[in-house]
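> Fold the stuff below for me.
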Amino acid sequence: PDGRITANGIVIGKFNVVDFKEEDESKLVPAGNNCFVMTDKNIQPSPAENIVIKQGTQESSNVKIVDELVDMVMVTRLYEANMRYISAQKENSSALTSVAMG
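Numbers count the residues shown, from 1 in each chain. Sure, this is the predicted structure:
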């Protein structure tokens, strides 16, 4: 609960959980895996207040599964339609080339 990180009973680190002013949040750059980097050294984070760190818990998904599935189906169908269009254009180009050469 106090943020200590242990391995085999030995403290190897401690979480440094901080908060940023709303106007400074836009200056943070995503670094992957829900991590951010401060590129502007003038940003001063403050210690986060009223937080609880729980080991072995998993937070809920921030995705609405049904909406994402609908979006995936739509993207798949658009991709397939585009591939059919590209194939048709390729066939038309080939036909035009063979007529012009022929």
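> chain center to the helix or strand that contains Glu68: distance?
Element membership for Glu68, per DSSP states H and E: helix 65-101. A distance of 27 Å separates the centroid of the chain from that of helix 65-101, by CA atoms, centre = their mean, to the nearest Å.
> and if you look at stretch 95-102?
That offset, for stretch 95-102, works out to 48 Å (CA atoms, centre = their mean).
> Averaged pLDDT, it. What do you get?
For stretch 95-102, mean pLDDT is 74.
> Begin at 56, not 1, for the rest of this chat.
Yes, from this point I'll number from 56; that puts the last item at stretch 150-157.
> which parts of it are buried?
Residues of stretch 150-157 include none that count as buried (16 or more other CB atoms under 10 Å). Placement of C-beta: from N, CA and C, glycine included.
> who's in contact with the lowest-mean-pLDDT helix or strand in the chain?
Sorting the helices and strands of the chain by mean pLDDT, DSSP states H and E puts helix 77-80 at the bottom, at a mean of 82. Contacts to helix 77-80, defined as CB atoms under 8 Å, 6 or more residues apart in numbering, come from residues 95, 98, 100.
> backbone phi and psi for the second one, please?
Note on Ile98: its backbone torsions stand at phi -80, psi 130 [degrees, to the nearest 10].
> Was I right to think it contacts Val84?
No - applying CB atoms under 8 Å as the test, Ile98 and Val84 come out as separate, 11.2 Å apart.
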